[in-house]
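In: Below: sequence and its predicted model.
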Amino acid sequence: MTSDPRHILVTGSTRGIGAAIVATLAERGARVIGHGRTDGGGVLGADLSRPGEADRLWDRALARLGGRIDVLVNNAGVFEALPVDAEPEAWRAGWANTLQINLQAAADLSRRAVLHFQDTGGGRIVNIASRAAYRGDSPQHWHYAASKAGLIGMSKSIARGYAGQGILCFAICPGFVMTGMADDYVASRGGDKLLADIPLGRVADPAEVASAAAYLALEAPASMTGAVLDINGASYVR
Ligand code: NAD
């Protein structure tokens, strides 16, 4: 691409949407470091369910990328069912784990990114949220929807707070994205009713989300900061 490739950290890149984002960014010439729960396969390991791991990941990624990161993509996330009649302790633990991985770790990384970008003269953050942030989710996923709504609020705050310093922040809200074995995926998202709810007639491909993420990471005009892009086949039109 250019003689000055963008340096990018993508979390949760071992599979699914994150793997597609890394592949797309690399095709476009970026210097990308990926992340997963554990070291190996070319990614930096950090278990984001553990407080403090996000900061450690940032430090390691920065070292690996020669002391400069231009773009942070917060993609890692979990989608775990938590029934309303769970025991109180399990209920609270489920909420804490989802909020820690989906929101707190993204906040910790974003904080480090903003502080770094203030030194380097600017940068971008792309947060992978969810349609659930706006539409809500199933009765077993209050915590997931809440974590993604929190990510949107955080993204807009960063966009508004630091635009004047060249720090841009965007979010993407995918609907259903086929990231696993088709049958398992459809079953986990509500079975046959899933497709009936999508005017496009199919779930999204990870490459479609990756295309939008790469656009926001590399090309989107600065005036777009704070934007939230929907990728859901018109299953939820705001
Ligand atoms: P996935 O389960 O295929 O991959 C999740 C990634 O996050 C993996 O790389 C995994 O290692 C990482 N991760 C999970 N828990 C972690 C932890 N404790 N520590 C470190 N890493 C951890 O998920 P996906 O479907 O590709 O989703 C990626 C993002 O897109 C998530 O934030 C998800 O909420 C969001 N999203 C997905 C869909 C969908 O239908 N697939 C829809 C809307 C939003």
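Out: It's in.

In: Quick one: list the elements packing against the longest helix along the chain.
Out: Scanning the chain for the longest helix, with DSSP state H as the assignment, gives helix 142-162. Secondary structure elements in contact with helix 142-162, counted by 3 or more CB pairs under 8 Å, 6 or more residues apart in numbering; DSSP states H and E, are helix 88-99, helix 105-120, strand 123-128, helix 132-135, strand 167-174, strand 228-231. Using the backbone N, CA and C atoms, a C-beta is placed for each residue, glycine as well.

In: Make a markdown table from these and add mean neighbour count to it.
Out: As requested, these are exported to a markdown table (neighbours: other CB atoms under 10 Å):
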| stretch | mean neighbour count |
| --- | --- |
| helix 88-99 | 14 |
| helix 105-120 | 19 |
| strand 123-128 | 26 |
| helix 132-135 | 19 |
| strand 167-174 | 25 |
| strand 228-231 | 18 |
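
In: could you dump the ones you listed to CSV with distance to A81 and mean pLDDT?
Out: Listed next are those as CSV, based on distance: least, CB to CB, whole Å; pLDDT from 0 to 100:
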stretch, distance to A81, mean pLDDT
helix 88-99, 9, 98
helix 105-120, 20, 99
strand 123-128, 20, 99
helix 132-135, 13, 98
strand 167-174, 19, 99
strand 228-231, 23, 98
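
In: Same list, those, but as JSON lines with distance to L151 please.
Out: Converted to JSON lines, those look like this (distance: least, CB to CB, whole Å):
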{"stretch": "helix 88-99", "distance to L151": "10"}
{"stretch": "helix 105-120", "distance to L151": "6"}
{"stretch": "strand 123-128", "distance to L151": "5"}
{"stretch": "helix 132-135", "distance to L151": "7"}
{"stretch": "strand 167-174", "distance to L151": "7"}
{"stretch": "strand 228-231", "distance to L151": "10"}
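
In: for the chain, what helix or strand is lowest in average pLDDT?
Out: Least confident element among the helices and strands of the chain, by mean pLDDT, DSSP states H and E: helix 182-188 (a mean of 70).
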